[in-house]
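Chemist: curious how this folds, go ahead:
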Amino acid sequence: MRHGFRMLLALTALAGLLVSAGCVQHETGWATAYLPDHNAKIPVVMPQSAPSISQQFYRDPDGSGHLGIDVIDRIGTPVLAAAGGQVIDSYFEPAYGNRVTIDHGPNADGLRMLTVYKHLNSRGVSQGDRVERGQQIGTLGNTGALAGGLPHLHLEVRREVRPQVFRAIDPHTVWAGGVGQVTCFDPTAPIEPGSFGITYPVRCR
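Modeler: Alright, predicted model coming up:
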């Protein structure tokens, strides 16, 4: 676990350096590559209007790593619920700052799905609140030591593997538009009933 934590710190620092050096190529429509030793690389299709992804999902052999994606945008940008559900956590903690967790209930396999939003500048929901897909739940920020000073949203998706035990999965596997198809929130777009799919947690421009 100590190695994984050091790796996470290094990845966070690297992301900050890449952005400050201009290596994140565009504010919108761009996604950085997976780390070379990540085994399950997914071809990612980004809408040109979607704020860019500065860090991809990565899992170390010990289960630690960068267990979500980082979306870069300005402090105060609205953060949206990636799917409807119930807020089960809303609090501040030193490493990840302001965070919100939403329980989306069981997927087609009967296993619960969660989304987690970290480094928020502010939280707009409380534990027990019901939220709809696309509803604002907070604002993007850089709170918490692991934000590295870089304004971004760290989004995780967690799947229940056995009762009350959740494992982080690559968010690119569960977009509403299909695997690797980053899907902007559109209130008029139908979502297939009974399926779990997420939409982008910030507004596309």
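Chemist: who are the contact partners of Y200?
Modeler: 50-51, 71, 80, 82, 182-185 (Cβ atoms under 8 Å, 6 or more residues apart in numbering). C-beta here means a position set from N, CA and C on the backbone, and glycine is covered the same way.
Chemist: and the strands in the chain?
Modeler: With strands called from DSSP state E, the chain shows them at 53-55, 58-59, 65-66, 69-72, 78-80, 85-93, 97-106, 112-120, 122-123, 130-131, 136-139, 152-162, 165-169.
Chemist: could the ones you listed go into CSV alongside distance to L146, mean neighbour count and mean pLDDT?
Modeler: CSV is the format used below for the strands of the chain (distance: least, Cβ to Cβ, whole Å; neighbours: other Cβ atoms under 10 Å; pLDDT from 0 to 100):
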stretch, distance to L146, mean neighbour count, mean pLDDT
strand 53-55, 12, 23, 96
strand 58-59, 14, 18, 92
strand 65-66, 10, 21, 94
strand 69-72, 11, 24, 98
strand 78-80, 17, 22, 98
strand 85-93, 10, 16, 98
strand 97-106, 8, 20, 97
strand 112-120, 8, 23, 98
strand 122-123, 17, 18, 98
strand 130-131, 25, 16, 98
strand 136-139, 17, 20, 98
strand 152-162, 8, 20, 96
strand 165-169, 15, 16, 95
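Chemist: from H66, how far out is the closest residue to I75 other than its chain neighbours?
Modeler: Closest residue in space to I75, ignoring its immediate chain neighbours: P151 at 4.7 Å, by Cβ to Cβ, 6 or more residues apart in numbering. Counting by Cβ to Cβ, to the nearest Å, the gap from P151 to H66 is 17 Å.
Chemist: please apply the same query to R205.
Modeler: With Cβ to Cβ as the criterion, R205 and H66 are 25 Å apart.
Chemist: tell me the bridge partners for the residue nearest the centre of the chain.
Modeler: Central residue check for the chain by Cα atoms, centre = their mean: the C-alpha nearest the mean position is that of L155, 1.4 Å away. Counting by DSSP bridges, L155 is bridged to I69, Y117.
Chemist: repeat for the one 4 residues further on
Modeler: The residues paired with R159 through beta bridges, assigned by DSSP bridges, are M113, R167.
Chemist: list the contacts of the residue nearest to I75.
Modeler: Residues in contact with P151 (Cβ under 8 Å, 6+ apart) are 72-75, 140-142.
Chemist: next: M46.
Modeler: M46 makes contact with 29-31, 52-53, 182, according to Cβ under 8 Å, 6+ apart.
Chemist: repeat that for 10 Å
Modeler: 26, 28-31, 52-53, 180-182, 184, 200, 204 (Cβ atoms under 10 Å, 6 or more residues apart in numbering).
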